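Structure, please.
(chains A and B)
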Amino acid sequence: DGGITQSPKYLFRKEGQNVTLSCEQNLNHDAMYWYRQDPGQGLRLIYYSQIVNDFQKGDIAEGYSVSREKKESFPLTVTSAQKNPTAFYLCASTGEGYFNEQFFGPGTRLTVL
Amino acid sequence: KNQVEQSPQSLIILEGKNCTLQCNYTVSPFSNLRWYKQDTGRGPVSLTIMTFSENTKSNGRYTATLDADTKQSSLHITASQLSDSASYICVVRVSNSGYALNFGKGTSLLVTP
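The predicted structure follows:
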């Protein structure tokens, strides 16, 4: 089945620790995205990548880092510099075309203890 | 200021009843508008996409409308089912290069027996 996978589904982290969230897609999409979702708020863009080895900051990139070494993979690292990291994180990808739909992964819920 | 406003913020209806969710946007230039359904703890899934020239589009019991002149869209759900309980997110795409999506905060719908 084609799609986007995120792992793990639930993640617990102690304050001061870095943690990496995995995102893999087999849709052959060039563009990939990371969003953060908090209760009562819309999705907010953290980082996006339109091509391998290139990525751009979104609206809330501070305290996060990404890499795009392979087309299929776009991992997100939540660093200790992120002051309020507890949230639901969604990865998405988009194919080519005028009406290109964003396909979302199932999400990772990160809780900082 | 969010350029995509959704109302109501939350809604409770009885199973079998109809409901209408609203989306007003100010983003420009307009490219297309999508409605997504997001089940709790899951990633959003696209329901419909509408372009400038389309007024109405249906997907089963979901019917979306678009008035590009007034920059308003609605999502009508007919004969609601318990499985319709979810958050419904309006996403407007602008016509430019790079990242071009604007997300509403969503309407949380609860369908009760």
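
Please make it C-alpha for all contacts and neighbour counts, starting now.
Fine.

Next, the buried residues of the helix or strand harbouring residue A:110.
In this assignment (DSSP states H and E), residue A:110 forms part of strand A:108-112. By neighbour count with 16 or more other CA atoms under 10 Å in any protein chain shown, strand A:108-112 contains the buried residues A:108, A:109, A:110, A:111.

If we ignore the residues flanking it in sequence, what's nearest the residue of chain B at minimum distance from chain A?
Here chain B gets closest to chain A at one residue, residue B:105, 3.8 Å apart by CA to the nearest CA. Spatial nearest neighbour of residue B:105, chain neighbours left out: residue A:42 (3.8 Å); criterion: CA to CA, 6 or more residues apart in numbering or on different chains.

Isn't the one you found up against residue B:103?
Yes - using CA atoms under 8 Å, residue A:42 is in contact with residue B:103, at 6.1 Å.

between the two, which one's more packed in?
With neighbours defined as other CA atoms under 10 Å in any protein chain shown, residue A:42 and residue B:103 compare such that residue B:103 has more, 24 against 19.

show me the residues around the more buried one that make contact.
Applying CA atoms under 8 Å, 6 or more residues apart in numbering or on different chains, we find residue B:103 in contact with A:42, A:43, B:4, B:89, B:90, B:91, B:92.

again with residue B:109
B:10, B:11, B:12, B:13, B:84, B:85, B:86, B:87, B:88.

what do you get for residue B:88?
Applying CA under 8 Å, 6+ apart to residue B:88 gives the contacts B:35, B:36, B:37, B:38, B:106, B:107, B:108, B:109.

With that, I have no additional questions.
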